[in-house]
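**Student:** This is a predicted model, with the sequence first.
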Amino acid sequence: MEARLAVPSPEALAALYYPNGRLGGLTVPGKPPGALAQQLTLFIEVEKPARQFQLRGQIAWVRHKAGPNQPTGYGFDFDPDDDATRVRLLAFARREVSSDATRVEARQQVELQVRLVHEGRQRKEWMADLSLGGAFVRTWNPLPIGATVALHVRPSFSLTSIEIPAHVAWVRLAGAHPGMGLEFASSAEMRARIEKLISKVVR
């Protein structure tokens, strides 16, 4: 089941957030598309700066009658398995990251161990999502914004890893799943390499 939410700005999106429940959620104006506890995919469009988000969750509550400063609508509780998208959405809504760090390209949810190389030092972390333009890597020890890294990804059943140059675009320290957003180097060759990677790691 699907629903759509259009807002004019990040501030308007932030105003719809509520902290109740395990991870919180969004108040969506209008009639709910299903019953309580119904699983839902919510497509969010922000007018300026133009951004799109796609989140999984469920209908948590419904307000059938409008009250003072409370229009009709329903609650969309975030899905814990889609936490990387939730983190990016809230960081964007609160303007905790630059506009360039959240882009329109569709993000694919993954759960893949990766190797990061920064200034000659290697570390293993977990990638939570992936797109042609970047990735979100979960870590309690994110690198500084602007740091240049080499991301090595080896898909399941593959004998070799794919190296992707990137830099840290934004950092999230709060919440259950802190981490850093990586922005990939842009070139036709690199996009082709990432497209091939996505086809291998996304089921």
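**Tutor:** Everything's here; your move. Numbering: from 1, shown residues only.

**Student:** same question for stretch 17-35, mean pLDDT?
**Tutor:** Taken as a whole, stretch 17-35 has an average pLDDT of 88.

**Student:** Quick one: residues in contact with that stretch.
**Tutor:** 1-3, 5, 13, 16, 38, 40, 42, 57, 59-60, 62, 71-78, 80, 83, 86, 90, 93, 176 (C-beta atoms under 8 Å, 6 or more residues apart in numbering). From N, CA and C alone the C-beta is placed, and that goes for glycine too.

**Student:** Name the residues of the helix or strand Gln58 falls within that come out as buried.
**Tutor:** Using DSSP states H and E, Gln58 maps to strand 51-63. Neighbour-count burial for strand 51-63, counted by 16 or more other C-beta atoms under 10 Å, picks out Arg51, Phe53, Leu55, Arg56, Gly57, Gln58, Ile59, Ala60, Trp61.

**Student:** and if you look at stretch 141-154?
**Tutor:** By neighbour count on 16+ other C-beta under 10 Å, the buried set for stretch 141-154 is Pro142, Leu143, Ala147, Val149, Leu151, His152, Val153, Arg154.

**Student:** Just the mean pLDDT for it, thanks.
**Tutor:** What stretch 141-154 shows for mean pLDDT is 91.

**Student:** now stretch 47-59
**Tutor:** 89.

**Student:** Quick one: classify Glu195 as helix, strand or coil.
**Tutor:** Glu195 falls in the helix class when you classify it by DSSP: H, G, I helix; E, B strand; the rest coil.
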